[in-house]
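Chemist: here is the input, now give the coordinates:
(4 chains)
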4 protein chains.
Amino acid sequence: MSDVADPLSIGVLGYGFMSRAHANALARLPMFFPDAPSTERAVLVGRNADAVETAASRLGFAATATDWREVVDDVDVFYNLGPNHVHADPSIAALEAGTHVLCEKPLARTLDEAAAMRDAASNSDAVAGCGFNYRYVPAVRLARRFVEDGRIGDVRQFRGQYLQDWLADPDAPWSWRLGEDLAGSGVLGDFGAHTIDLARFLVGDSAGAIERVSGHLQTFVEARPAPDDEGTRPVTVDDAYTAQAEFDNGAVGTFEGSRYAHGHENDHRIEIHGSAGSLSFSLERLNELRYADSDDRGYERILVTGEDDPYGEAWWPPGHTLGWEHAVVHENYEFLRSIAAADPFRPSFEDGYAVQRVLGAIERAAERGDWVAVDEITDE
Amino acid sequence: MSDVADPLSIGVLGYGFMSRAHANALARLPMFFPDAPSTERAVLVGRNADAVETAASRLGFAATATDWREVVDDVDVFYNLGPNHVHADPSIAALEAGTHVLCEKPLARTLDEAAAMRDAASNSDAVAGCGFNYRYVPAVRLARRFVEDGRIGDVRQFRGQYLQDWLADPDAPWSWRLGEDLAGSGVLGDFGAHTIDLARFLVGDSAGAIERVSGHLQTFVEARPAPDDEGTRPVTVDDAYTAQAEFDNGAVGTFEGSRYAHGHENDHRIEIHGSAGSLSFSLERLNELRYADSDDRGYERILVTGEDDPYGEAWWPPGHTLGWEHAVVHENYEFLRSIAAADPFRPSFEDGYAVQRVLGAIERAAERGDWVAVDEITDE
Amino acid sequence: MSDVADPLSIGVLGYGFMSRAHANALARLPMFFPDAPSTERAVLVGRNADAVETAASRLGFAATATDWREVVDDVDVFYNLGPNHVHADPSIAALEAGTHVLCEKPLARTLDEAAAMRDAASNSDAVAGCGFNYRYVPAVRLARRFVEDGRIGDVRQFRGQYLQDWLADPDAPWSWRLGEDLAGSGVLGDFGAHTIDLARFLVGDSAGAIERVSGHLQTFVEARPAPDDEGTRPVTVDDAYTAQAEFDNGAVGTFEGSRYAHGHENDHRIEIHGSAGSLSFSLERLNELRYADSDDRGYERILVTGEDDPYGEAWWPPGHTLGWEHAVVHENYEFLRSIAAADPFRPSFEDGYAVQRVLGAIERAAERGDWVAVDEITDE
Amino acid sequence: MSDVADPLSIGVLGYGFMSRAHANALARLPMFFPDAPSTERAVLVGRNADAVETAASRLGFAATATDWREVVDDVDVFYNLGPNHVHADPSIAALEAGTHVLCEKPLARTLDEAAAMRDAASNSDAVAGCGFNYRYVPAVRLARRFVEDGRIGDVRQFRGQYLQDWLADPDAPWSWRLGEDLAGSGVLGDFGAHTIDLARFLVGDSAGAIERVSGHLQTFVEARPAPDDEGTRPVTVDDAYTAQAEFDNGAVGTFEGSRYAHGHENDHRIEIHGSAGSLSFSLERLNELRYADSDDRGYERILVTGEDDPYGEAWWPPGHTLGWEHAVVHENYEFLRSIAAADPFRPSFEDGYAVQRVLGAIERAAERGDWVAVDEITDE
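Modeler: Next up, the predicted model:
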C-alpha cells in the first residue's frame, strides 16, 4: 500500500443521477468492502449554488463549490461526473495537480480532447479512470473470466446491442440530449461507447484489437416538439447507429444502439460465440449469464450470485440478487484500491481514448460509406 | 408526525446476514428516502463479545452489548434479528418497555409464543413489525396494486412455490438448520412463512382469508454426514412441504417449498389467476412482473423500475434494476415512518401470528391426513 | 412379427378433432415410419350419417357406418375416439371380437366401467391401448430416458399443472363440457388424467406408484349464460382441481388443473426434482426439455430435435421443430407395431384403469377432506 | 378458377430432405386444405436410379426418371428441389414448356442465372415460385399482418440473424457445403437469402426496398479434416457474414448469419422496431410471436395457434402447436391455389432475383469495403 491520505478526500463535479450513484457507492464501501481505502465526501461542485447545496446535504458532502478550479488541487481524488463538454479541462487540471481522477464516459467530446486527457494521465503519477461501470457487473466479469479461461475457445463473433425505447414515439418532446451542441453525440456516443468498451474488455485480450469498422448513423425524426410547446426543434444527433467490426484475430462483430426499440428499456445485450462455447448477457437481467459450451445442447442460465462469483463474497448469500448500482460500488472499490496500491486502474484514460477512436472510426465510416481502419483515426 | 426521538436510537440483536441487510438499509435511508426519520445505529447485541465488536465496527454501531436485557429499554427501536428461539422474550420485553420492535420472520417457534408476542404488541403503544421483507419488493407491491385495482378481476387461484437446491445432494453435510431443536422447523417454517405471507398480502383483501388447508411434510434424507466427519446426524425437520388451501371467496391455492430443487437457487415463484387476468413473479428475477390481462394473448413482462412503480422515484432512472437488499431498505423506511407517524405497520405481529396459524394448520393437516380449518388453530 | 392382416383395416368411432388427428397420423406413417404395418382407413363411424360421410371423404375412409356394432368385429383395429360415455361398450365388444382397440382418454366415465374394459383387454388376445398421447412427445420421452438413465438421481418431487384459459371469463357461455351428465367430469377428468398419466410414465418406475393423494375440486362460476341466450345453465363439473400425492419411494407430488388461467392456452407443465438433477417441460414449447444437473448452475434448454432424440431420425434435420400432432403419429406407430409384434402396448387399458383409480382417489379425498390411499379405490 | 388439369401432375427434382418435406406437404393437403387443387405425385427425378426408386416408393411417386429433360414438359408442375447448380436450366426449360415451377432458394448460383430464370418466368404463362418457405410460418405471417395493420407504426429498424452451430468445432470435418464449386456460396447464400427474403416480406411494403448495404464475409477455419481422413481440404466459402442495410424510408437494418453459434441449432431471429411497437420472432420457437406495443411495458408472447391466426382454422384447436413442416404445407397450398386461380405467386422468381441482388450487393460491399447501392447490382 502506497503512502496515501487517510481518508482520501473526494471532490465530485456534478450533482445528477451519476453523482448520486457514486456518492452511494462511497457510502457503502466501509460496510461491504472494509479493505477499501477510507474516504470522505469533501466537496460537491456545480454551477447552481443552491442546487448543489441541496444535493450535497443529501449526498453527504462536507462542502460545496461552484467552480471546479477551486477544487481539483484541493482534494485527493476528483470525480468528473459533469456533462461531456466539461470532461477535458477539469480532468486535465486535476491530473496536473497530482489529483486522482475518475471521469465519466465517454471520455470527451472529440478525439483531440480525449488525446489531451490521455496524455495528461500519462504524464501524471495520479491514477486516472474512465467510468465504464458495466465492466463491474458481476455477470460481465464472469463472462470475461470464462473467455480468459478458454471456456468458449477462440472468439469468433461479438454482438452488442444497446436498446432503449424513450424516443420511439415521434411526438416525444425535444431534449438537450438531441442537440449536438449540448450532447456532443447521440446514440453512438452514449450507448456505443459502452458497447465498444465491453467488446474490448470481454474479448480484447483474446480476439485482439478492433481493426476496422463500418458504420451507419440515422436520425429517424428530424425535428421534435419544443419542450416549451412552441414549434419544434431540430434533432441534430443520431437516433440509432449500426456498425460492423473485424478484430485482429479475424473475429467479426456487430454493434447497434437505438432509442427506438419498444419493449426494451435499458437492454444492453452482449452475445459472444467462440469455437468452444457461447455467452449471452442482458443488462435488464444483470444477475444472469447464459452459457452454452460445446457439450451442452443449449444455454444454461447462471445466476451470478455465488460465493466464487466476482464480488460474490462481499454481499449476500447465493440467490440474493444485486442491482445496477452495485456495479458502481465495485468500480469505486477498484478505483480507490488502485490509488492505495499505486496501481493502474482499468478502464483507464487510455481505454477511454481507445473507445473514442473506434467511435470516431464508426462515424467516419458512416460519413464515407466505407470501412475505416481504427488505426487511421488519430489525434492531430 | 408524532413526538419521536430525533434521531431514533436503534438496537439490533444478531450480527449475521440479516443484521448486515438492516444496517445497510438504515445507512442508505438519508440519501434515498430523506423524509425517513433519522436514526442512529446505537447498540449491536450478541453473545460473543469479540464477534459482536467486530461486526459493530463494520456495520457502524456506536456500542455493543452481550445481553439484550440491557438494551431493550435503552433504545427507541429494537430490531430482533436473532434466531427463532430468541424472538419472543426480547421482543415482548421491548414492547413492554415501550420500545418499537421489528422482529424477523417467522414470528416465533410456536403459536403460543406468537400469541404472547401479538398480545404484547397489542398492549403496547409501540409499533411492532414482522420482517416479511418480500412484501417490499417493488414488483410484489405492483402485483398487489394490480389486484387492488381489479386488473385481474376476482381471484381464483394462488400458487406459491419457494424452491432452493442446497440440500438436493444427499451427501451434503448436516447443519443446525436440520435439527428441530435449533431450527424449530424446516422448509415449512422457513420458506412457507414467506409464501403464506405473500398470499395474505397479495390476495387476502380480495380473496379473503385462508379458510382451510391440507398439508404434507416430507424428509427425504433421514440422516446426513456430521459436519465434524464422524458418523451421521439425524435430520429432524422437513426437507419439503406441499399444501392446498381454500380462501374465503372460494379461490383455491397451492403452496410448496423445497430445498431439493436443482436449478433453483432462491426461486420464490408466485402465480395468481383471476377472472380478468393473471400475474406471475419470481424472486430470482425480482425486477420483473409478468401480467396477462383478458385482452392479451400472453404474458407481458413489466420491468418494475418506472417512476410510477412502487419506490421507483426513490432510486435510479427507468431500466436501472434493483437488488434483493432494496426490499429491506423499503421495509425499514416504512417501519420507521410508521413510528414517526404513530401509525400501525404491516406486516404486524398480528400478521406474523396469522401466518403462524396457517403454518400450524398445515402441520396439523399433515399429521392428521385431512384438511384443517385455520380457525381450529388457536393458542391455548 | 406375428401373422397380422396386411393391410390392417381400421375402424374409427368419432369424427371430431381427435379423429382428424388419428387419420392424419395413419396417413403419414408410410412416408415417415416405413416399417409400420400398413393400414387402410376402412370405416368411419358416427351417428349423423351425413356428417360422417363428409368427414370420411375428407379423412380418407373407404366407408361409413352409423352403428359401431356393425363395425367392431369387421375391422382389424378399432379406434374409439367417441365421447367418454361410449368408451366402454364398443371397446369391450371389439376386444371380445378379437379386434385391437385404441381408446381415447380418460378410459371411462367410472372406475367400474374402466375395470370392465381392463378385464376385457386382459381376456382378449387383442392389443388394447389408451390414448394418452403426450407420452409420445419426444421431449417427454427424452425426460423419461433421463430419469431411467439416472440423470436426475432419486426422484424427490413431481409437479404437474395443466392450465388453460377458456373459462376464465365468468360470462363465457355454458357448453356441454360443463354438465356432468354429458362431460362426465370437469378439469380433473379432462386435464388431470393427462397429468397423472405423465406422472406414472415419467417417474412411476423410479419413484414407484402413487400411494395416496389429497384433493380439492372447485367450481368458480356456478351458472353460465345458456348458449341459446335464454337464462343460464348450471355448471355441474369442477373448474379447477388441486391435489397432493405421495409416491411409494417417499417422493412428493402436486397436481393442478384449471380452465381459469389467463395467459395459458394449453400449458401442461411438468417439473421433476431429483437428487442429481431437475427436469422441466411445457406443452406450449413441446420441442424443448429443460434440464439442470447437479453440476450445472441452472437449467439448460435442450431442443429435442436431434438424431438421437426419440423419433428424431424419422423426421427432419436437427433444429426443425415438430408440432403437437407428431405425438399422435408416434402413438399410432407404436400401437400398430405392438399389434404386428403381438407385444403389449403402453399406455394399456391397465394404465388407463390405474389413472382412473388415482382420479377416483383425488375425488374421494376432495369429498371426504382427507388423504385417500389409492389402494382404497377399487371397482366393486 | 382457370382451366387446370385435375389432378395436377407433379414432377419433383431431388430426393433429399426438402423433397420429403414437399411430398409430405402434397400428401397432407386433401385432409387439411380440401379446397386445394388435387395433385398426383407423378415423377421423382434424380441421377441415381436406385436411390430415386427407393425414395419414390417411400414418398409416393408413381414413376421415376434420371433426366429432368424427360420430365419438365410432361408434368403440369415441376418442383426444382435440386442443388443450386441445377436450378436454372431445368426451371427455365419447364417454364418454356408452360410447366409451373416451384424452385428452392436461393434461386440461382449467380445473378445472371437468376435473371435468366426471372425472364423465363416473365415470358411464361406458367406460375413460378421461389421456395422461401419461412414466409409461410403462421407467426411470420401474423407479424406481417401486424406491420400492415400499422400496429408497429413506421418501421425504424430490422434485425435478422440466422444462427447455427454445426461448424463451431474447428475439427468438424469438411463437407461439400464448404467448397465453393459445389455449394456456390456459404452462409450468405444459405442463411442470408432467408433473412433478406423475410426482410422484404415483412417490411418491404412499409419501409420500402433495401437501398444500400455494407457487407462482411469471414471464413474462420481455412481448412478442415477431409471426410476420408487423409489430410485436410480448403474451406472456400464464408463461415459467417454480417451486413448493414438502409431501407427506402430511412429504416436501418442488420443481417447476420453464422454456423459458429453454439447454443443455436436453427435460430432464425427477427426483430423489428417501429414507431408504435416492436416484433420479435425465433424459428426455434416458431409458434410464438412476441409483440410490444407503445402502451405495453414489455413484450407479450402470442401463441400463434388461434382460429383467426394465419392458417389457424385449418389445423387444430388453439394451443396445439405446429412444426416446421407446416410452413411447407402452407407454401404448397398457396402455390397450387395460384396455379388454379392463374394468380401470381409470391415469393416469385422476381422475388428470388431481388433477394439475389441484395446478396450480390452484400458480397460486392464485402469485397470493396464500402456500401453498395442495390441498384448497382445488375445482371450482365
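
Chemist: the residue in the stretch 51-200 of chain A that chain C sits nearest to in helix, strand or coil?
Modeler: As assessed by Cβ to the nearest Cβ, chain C sits closest to residue A:142 within the stretch 51-200 of chain A, at 10.3 Å. The C-beta positions use only the backbone N, C-alpha and C, and glycine is treated the same way. Under DSSP: H, G, I helix; E, B strand; the rest coil, residue A:142 falls in the helix class.

Chemist: please enumerate residues in contact with the helix or strand of chain A with the lowest mean pLDDT?
Modeler: Least confident helix or strand of chain A, by mean pLDDT, DSSP states H and E, is helix A:180-183 with a mean of 78. Counting by Cβ atoms under 8 Å, 6 or more residues apart in numbering or on different chains, helix A:180-183 makes contact with A:83, A:84, A:85, A:176, A:177, A:186, A:189, A:190, A:236, A:237, all of which sit outside it.

Chemist: residue A:305: which of the residues you listed is nearest?
Modeler: residue A:190 (29.3 Å; Cβ to Cβ).

Chemist: any idea how far the closest one is from residue A:354?
Modeler: Distance from residue A:190 to residue A:354, counting by Cβ to Cβ, to the nearest Å: 18 Å.

Chemist: follow-up on the earlier one: burial of the residue of the stretch 51-200 of chain A closest to chain C, as a residue count?
Modeler: A count of neighbours around residue A:142, defined by other Cβ atoms under 10 Å in any protein chain shown, yields 21.

Chemist: ok, it touching residue A:306?
Modeler: No. Contact criterion Cβ atoms under 8 Å: residue A:142 and residue A:306 do not qualify, at 9.3 Å.

Chemist: would you mind listing what in the stretch 201-350 of chain A touches chain D?
Modeler: Residues of the stretch 201-350 of chain A that fall close to chain D, judged by Cβ under 8 Å from any Cβ of the partner chain: A:214, A:216, A:218, A:220, A:239-240, A:242-244, A:246, A:250-254, A:256, A:258, A:260-264, A:273-278, A:280, A:290, A:292-294, A:296, A:298-299.

Chemist: which residues touch stretch A:142-156?
Modeler: By Cβ under 8 Å, 6+ apart, stretch A:142-156 touches A:201-203, A:205-207, A:247, A:249, A:251-252, A:270, A:272-279, A:281, A:289, A:291, A:293-294, A:302, A:304, A:309-310, D:168, D:170, D:220, D:239-240, D:258, D:260, D:262.

Chemist: phi, psi for the residue nearest in space to the middle of chain A please.
Modeler: For chain A, the residue sitting closest to the mean C-alpha position, by Cα atoms, centre = their mean, is residue A:132 at 2.3 Å. Note on residue A:132: its backbone torsions stand at phi -80, psi 80 [degrees, to the nearest 10].

Chemist: so what's it closest to, chain neighbours aside?
Modeler: Closest residue to residue A:132 apart from its sequence neighbours, by Cβ to Cβ, 6 or more residues apart in numbering or on different chains: residue A:197 at 4.2 Å.

Chemist: which of the three states applies to the one you found?
Modeler: Reduced to three states with three-state DSSP, the structure at residue A:197 is helix.

Chemist: so what's it up against?
Modeler: Going by Cβ under 8 Å, 6+ apart, residue A:197 touches A:105, A:132, A:134, A:135, A:347, A:351, A:355.

Chemist: for the closest residue in space to the fourth one that isn't next to it in sequence, phi and psi?
Modeler: With sequence-adjacent residues excluded and distances taken as Cβ to Cβ, 6+ apart, residue A:135 is closest to residue A:201, at 5.1 Å. Here the main-chain torsion angles of residue A:201 (degrees, to the nearest 10) amount to phi -70, psi -40.

Chemist: who are the neighbours in contact with residue A:201?
Modeler: Residue A:201 makes contact with A:132, A:135, A:140, A:144, A:347, according to Cβ under 8 Å, 6+ apart.

Chemist: ok, the third one to residue B:63 distance?
Modeler: To tie it back to what came earlier, the one meant is residue A:140. Distance from residue A:140 to residue B:63, by Cβ to Cβ: 41 Å.

Chemist: between those two, who's got more neighbours?
Modeler: Shown here are residue A:140 and residue B:63; by other Cβ under 10 Å, residue A:140 has more neighbours (25 against 15).

Chemist: the more buried one reaches residue A:160, doesn't it?
Modeler: No. Residue A:140 is beyond contact range of residue A:160, at 11.5 Å (criterion: Cβ under 8 Å).

Chemist: and for these two, which residues touch both?
Modeler: Counting by Cβ under 8 Å, 6+ apart, the contacts common to residue A:140 and residue A:160 are A:198, A:270.

Chemist: remind me which residues of chain A are low pLDDT?
Modeler: For chain A, applying pLDDT under 70 flags the ranges A:1-2, A:380.

Chemist: need the residues of it near chain C, please.
Modeler: Applying Cβ under 8 Å from any Cβ, we find that chain A lies next to chain C at A:292, A:296, A:297, A:298, A:299, A:300, A:301, A:302, A:303, A:306.

Chemist: report the two of those separated the most.
Modeler: Taking Cβ to Cβ as the measure, the residues of chain A next to chain C span a maximum distance of 23.3 Å, between A:297 and A:306.

Chemist: so which of the two has more stuff around it?
Modeler: Neighbours were tallied for residue A:297 and for residue A:306 using other Cβ under 10 Å; the higher tally belongs to residue A:297 (20 against 17).

Chemist: that older thread, could you dump the contacts of helix A:180-183 to CSV with neighbour count and secondary structure?
Modeler: Below are the contacts of helix A:180-183 laid out as CSV (neighbours: other Cβ atoms under 10 Å in any protein chain shown; DSSP: H, G, I helix; E, B strand; the rest coil):
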residue, neighbour count, secondary structure
A:83, 15, coil
A:84, 21, helix
A:85, 14, helix
A:176, 11, helix
A:177, 17, helix
A:186, 26, coil
A:189, 24, helix
A:190, 22, helix
A:236, 15, coil
A:237, 21, coil
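
Chemist: could you identify the most distant pair in those?
Modeler: Taking Cβ to Cβ as the measure, the contacts of helix A:180-183 reach their widest spread between A:83 and A:236, a distance of 16.0 Å.

Chemist: how close does the nearest residue to residue A:107 once chain neighbours are set aside get to residue A:121?
Modeler: Excluding its sequence neighbours, the residue lying closest to residue A:107 (Cβ to Cβ, 6+ apart) is residue A:352, at 3.2 Å. According to Cβ to Cβ, residue A:352 and residue A:121 sit 9 Å apart.

Chemist: give the residues shared as contacts by those two.
Modeler: Joint contacts of residue A:352 and residue A:121 (Cβ under 8 Å, 6+ apart) do not exist.

Chemist: the stretch 151-300 of chain A: helices as residue ranges?
Modeler: A:180-183, A:187, A:193-207 (DSSP state H, counting those that start in this stretch).

Chemist: and the closest residue to chain D within the stretch 1-150 of chain A, how many neighbours does it have?
Modeler: Distances between the stretch 1-150 of chain A and chain D by Cβ to the nearest Cβ are smallest at residue A:146, namely 12.3 Å. By the measure other Cβ under 10 Å, the count of residues near residue A:146 is 20.

Chemist: what about it, which SS state?
Modeler: Under three-state DSSP, the three-state class of residue A:146 is helix.

Chemist: go ahead and confirm the residue nearest to residue A:107 touches residue A:106.
Modeler: Yes. Residue A:352 is within contact range of residue A:106, at 7.0 Å (criterion: Cβ under 8 Å).

Chemist: any shared contact partners between these two?
Modeler: Common neighbours of residue A:352 and residue A:106 (criterion: Cβ under 8 Å, 6+ apart): residue A:114.

Chemist: understood, closing this out.
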